[in-house]
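S.K.: prediction below, plus the sequence it came from.
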Amino acid sequence: DVKVTQSSRYLVKRTGEKVFLECVQDMDHENMFWYRQDPGLGLRLIYFSYDVKMKEKGDIPEGYSVSREKKERFSLILESASTNQTSMYLCASTIQESTDTQYFGPGTRLTVL
Amino acid sequence: RKEVEQDPGPFNVPEGATVAFNCTYSNSASQSFFWYRQDCRKEPKLLMSVYSSGNEDGRFTAQLNRASQYISLLIRDSKLSDSATYLCVVNAVGFQKLVFGTGTRLLVSP
């Protein structure tokens, strides 16, 4: 059974802080994704990665960066958190050959004060 | 225009009812279509893929109309446990990227 884990379920940070959100998957998936989910806006893709050290911008990359040093781990970084980055952050992974079943982590609810 | 559009609902139905959701997509080159289910405060999970010929999984039936660029999900004999948000998902043309609709909320009451 695929398992995607995220480092925190809830996180509270202050404006200007550097924030790291970690995601780990245990199924040797090539592709990993970071989304944010906001009411009325749905899931929006921030960044994705199709291999170690590879990254691609999604639809809303501004204010974020990512790191993929190991295949199983994909980190989302907020260099200087702002209040408009308060959101639910969801990580997902999928095997290289398929675009269908994305397996999601439980999400991190980030609040920036 | 949004790439994927859904009626946000909520759809309030009694147990045992049949309910249908529609979703429209804007990119005619889209090739893969899915319905995901998301429970309150949980992550989305794949419910079913949608094939051109239509497909059924128990009480759930999904259909695709390429000419009109919409997909549908029909739930028969609704259960309380069907209460959730249903996300319409379409692949974006390009590298393995999915576009999610904002979801349709279903509430099934006793």
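M.R.: Thanks, I have it.
S.K.: count of neighbours near B:Asp57?
M.R.: A total of 11 residues lie near B:Asp57 under the criterion other C-beta atoms under 10 Å in any protein chain shown. For the C-beta atoms, the positions are set from N, CA and C on the backbone; glycine is no exception.
S.K.: show me what it is bridged to.
M.R.: Applying DSSP bridges to B:Asp57 gives these bridge partners: B:Phe60.
S.K.: swap in B:Pro44?
M.R.: Those that pair with B:Pro44 in a beta bridge, by DSSP bridges, are B:Gln38.
S.K.: what about A:Arg36, which helix or strand?
M.R.: Here A:Arg36 is covered by strand A:31-38, with elements defined by DSSP states H and E.
S.K.: C-terminal to that strand, what's the next element?
M.R.: With DSSP H and E setting the assignment, the helix or strand that follows strand A:31-38 is strand A:42-49.
S.K.: so which elements touch that following strand?
M.R.: Judged by 3 or more C-beta pairs under 8 Å, 6 or more residues apart in numbering or on different chains; DSSP states H and E, the packing partners of strand A:42-49 are strand A:31-38, strand A:56-57, strand A:65-70, strand A:73-78, strand B:97-100.
S.K.: any idea how far B:Trp35 is from B:Cys23?
M.R.: 8 Å (C-beta to C-beta, to the nearest Å).
S.K.: any idea how far chain B is from the most centrally placed residue in chain A?
M.R.: Nearest to the geometric centre of chain A sits A:Trp34, at 2.9 Å (C-alpha atoms, centre = their mean). When distances are taken as C-beta to the nearest C-beta, to the nearest Å, A:Trp34 and chain B turn out to be 12 Å apart.
S.K.: I'd say that residue and A:Ser93 touch.
M.R.: No: using C-beta atoms under 8 Å, A:Trp34 and A:Ser93 do not qualify as a contacting pair, with a distance of 10.6 Å.
S.K.: need the overlap of contacts for those two.
M.R.: Overlap between the neighbourhoods of A:Trp34 and A:Ser93 consists of A:Cys23, A:Phe74, taking contacts as C-beta atoms under 8 Å, 6 or more residues apart in numbering or on different chains.
S.K.: what comes up buried for the strand holding A:Arg36?
M.R.: Within strand A:31-38, the residues that count as buried by 16 or more other C-beta atoms under 10 Å in any protein chain shown are A:Asn31, A:Met32, A:Phe33, A:Trp34, A:Tyr35, A:Arg36, A:Gln37.
S.K.: next: stretch A:78-86.
M.R.: In stretch A:78-86, residues buried by neighbour count (16+ other C-beta under 10 Å) are A:Leu78, A:Ala81, A:Gln85, A:Thr86.
S.K.: who touches the last one in this structure?
M.R.: So the one you mean is A:Thr86. If a contact means C-beta under 8 Å, 6+ apart, then A:Thr86 has A:Leu110, A:Thr111, A:Val112 as its contacts.
S.K.: give me the neighbour count for the residue lying closest to the first one once chain neighbours are set aside.
M.R.: In other words, A:Leu110. Excluding the flanking residues, the one nearest A:Leu110 by C-beta to C-beta, 6 or more residues apart in numbering or on different chains is A:Leu11, at 4.8 Å. A:Leu11 has 17 neighbouring residues, counting by other C-beta under 10 Å.
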